[in-house]
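structure of the sequence below:
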Amino acid sequence: MPKLKRNEPDERATDFVEALDRGLRLLQCFGINAGPMTLSDLARAAELPRATARRMLFTLQRGGYVSGDGKLFSLTPHVLTLAASYLRSNQLVAVLQPVLDRTATAANEIASLAVLDGDDVVFVARSSPARMFSGGLEIGYRLPAFCTSVGRAMLGQLGDGDLLVRLEAMKRETLTPQTVTDPRALLARITADRAQGYSLVDREAEPHFRSISVPVRRYDDVIVAAINMGAHVDRVPAQELIDRFLPLLREGAEAVRSQLL
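Predicted coordinates:
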């Protein structure tokens, strides 16, 4: 990469729009608490001056993304158009949704698709069999990558050295009594998962839930997502995840490899 000459502006820096960045940060802060939030709370959460946050909120309100009475503010359904644009334009969702539908029907269980977003996983598609209560991991739901089967399946893409560095830098909170947080112990588990081609996590992210995941690879073998199925520990034993769910997940992931560019 060529070095910039002295006093020569960096185009990447000049292209950065600070006001847009602040507005997006403010939108994200609404997820911190349930219900409407005050101007002061939002400004504090976004680390913005109160006056700046006020201008941002009124701009978002004019665009239809936020409603408020000047004291309390909340998101409107219009904000979902941003998520809808992602889902409509994302090749992964378009290609994997039929696979999730087939897998969920065959197993009579919920099947989900997740991608990495920083140190978290985000569930971006799911399918539920007919007449089954559709609770659990909704679209947009986030969990830490280090303690979830989908996260470990995707982190396995990294080499051991890079993976250890990534794990050590992550925020690793104990979510249940079973959560593994030691970086080297996690490294051992993820490398074992990589070798066997799937990840099974038992009650590490949620106290009564276990799940199994396989990586989704595109045509050039790069891991771009993971698909999973899971169940309450009292209903489905761990071995059943391997015997009944794993073959369906592997078949689904392999079926789309040539379609993902």
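
distance of residue 176 from residue 245?
To residue 245, residue 176 is 21 Å away according to C-beta to C-beta, to the nearest Å. Just so you know, the C-beta spots here come from the backbone N, C-alpha and C atoms, and that holds for glycine as well.

those two: who's more crowded?
Between residue 176 and residue 245, counted using other C-beta atoms under 10 Å, residue 245 has the larger neighbour count: 26 against 14.

can you show me the strands along the protein?
Secondary structure of the chain by DSSP state E: the strands cover 37-38, 66-68, 72-75, 111-117, 120-127, 142-144, 199-202, 209-217, 223-232.

okay, the angle between the longest helix along the chain and strand 111-117?
What stands out as the longest helix in the chain, according to DSSP state H, is helix 91-107. On the basis of axes from the mean of the first three to the mean of the last three C-alpha atoms, to 10 degrees, helix 91-107 is oriented at 150 degrees to strand 111-117.

list the buried ones in helix 91-107?
92-93, 95-97, 99-104, 106-107 (16 or more other C-beta atoms under 10 Å).

for residue 76, see how far away the closest residue to residue 28 other than its chain neighbours is.
On the basis of C-beta to C-beta, 6 or more residues apart in numbering, the spatially nearest residue to residue 28 that is not a chain neighbour turns out to be residue 46, at 7.9 Å. With distances taken as C-beta to C-beta, residue 46 is found 18 Å from residue 76.

neighbour count winner among the two?
Neighbour comparison, residue 46 and residue 76: the larger count goes to residue 46, with 21 against 14 (by other C-beta under 10 Å).

the more buried one and residue 21: what is the separation?
Taking C-beta to C-beta, one finds residue 46 at 10 Å from residue 21.

where exactly do the helices run in this structure?
11-14, 18-29, 39-46, 50-62, 80-89, 91-107, 149-155, 160-169, 183-196, 238-240, 246-255.
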